[in-house]
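**Student:** Provided below are the primary sequence and the corresponding predicted coordinates.
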Amino acid sequence: MAGQLKEVRNRIKSVQSTQQITKAMKMVSAAKLRRAQDSITQMRPYAKKLQEMLSNIISSADGGLTLKLAEVRTIEKVLLIVVTSDRGLCGGYNANIIKLAKATIAEKYQAQFTKGNVSIWNIGKKGFEGLTKAGYNTNDRFKDIFLNLKFEPVQAAAKAAMNAFENKEFDAIEIIYSEFKNAATSLYS
């Protein structure tokens, strides 16, 4: 009887210890989430202003000024830039983006896909792995961009996409990503 009581006490102590560790892990992850949310929130005004400026430039272009990147063409060749994470354990984040990429191809670019004219540039390993496994024409050129997230690799990816459009390698380019709304939801577009 005394041995059983001691065993029960040891188990109670073990559970309490596990609870303390779990509570500490929650506090650390909450602090990381708060820092990430603050960073995203601080970037929003800059992103909105940049979008306004670009919209203003395009809308105020005279008939004599031609913007190569605003050119509307018959869509024969399509580039999808799919932005996912490098790691899993993030709920449905990667799965939803991959599902959206597949739906975009099926709904908007089925004719081009049938002809083999849909290319996918992946930013992030999970999108590359998922779409390659599903049999899509993927490119791993920029998939490791998150390993060393600096401006230069992102700029190189953007320039490569712009140059490909200007050189008429693609007639349409779409970026498939998620937009942080709050800790509970994201917008996928």
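**Tutor:** Yep, that arrived. Numbering: from 1, shown residues only.
**Student:** so which elements touch whatever helix or strand Gln37 lives in?
**Tutor:** Assigned by DSSP states H and E, Gln37 falls within helix 2-59. Under the contact definition 3 or more Cβ pairs under 8 Å, 6 or more residues apart in numbering; DSSP states H and E, helix 2-59 sits against no other helix or strand. For every residue, glycine as well, the C-beta is placed using N, CA and C.
**Student:** mind redoing it with 10 Å?
**Tutor:** Contacts defined by 3 or more Cβ pairs under 10 Å, 6 or more residues apart in numbering; DSSP states H and E place helix 2-59 against strand 178-180.
**Student:** what about the strand it packs on, average pLDDT?
**Tutor:** Mean pLDDT, computed over strand 178-180, is 76.
**Student:** quick one: low-confidence ranges for this structure?
**Tutor:** Along the chain, segments meeting pLDDT under 70 span 1-2, 57-67, 180, 182-189.
**Student:** domain ranges for it?
**Tutor:** The chain is divided into the following domains under automatic domain parsing: 1-60, 69-188.
**Student:** most packed of the ones you listed?
**Tutor:** domain 69-188 (a mean of 15; mean count of other Cβ atoms under 10 Å).
**Student:** circling back to that earlier point, next secondary structure element downstream of the helix holding Gln37?
**Tutor:** strand 78-83.
**Student:** partner strands of that following strand, with direction?
**Tutor:** Strand pairing for strand 78-83, determined by DSSP bridges: strand 118-123 (parallel), strand 172-176 (parallel).
**Student:** output the first one as CSV, nothing but the C-alphas.
**Tutor:** Meaning strand 118-123. Taking Å, rounded to 0.1, in the frame of the first residue of the first chain, the C-alpha atoms of strand 118-123 are listed here in CSV:
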residue,chain,number,x,y,z
VAL,A,118,1.8,26.5,-66.9
SER,A,119,5.1,26.9,-65.0
ILE,A,120,5.4,27.2,-61.2
TRP,A,121,8.2,28.9,-59.4
ASN,A,122,8.2,27.9,-55.8
ILE,A,123,9.3,30.1,-52.9
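**Student:** from the chain's centre, how far out does that strand sit?
**Tutor:** Centroid separation for strand 118-123 versus its chain: 12 Å, with Cα atoms, centre = their mean, to the nearest Å.
**Student:** past it, which element shows up next along the chain?
**Tutor:** Downstream of strand 118-123, the first helix or strand assigned by DSSP H and E is helix 125-133.
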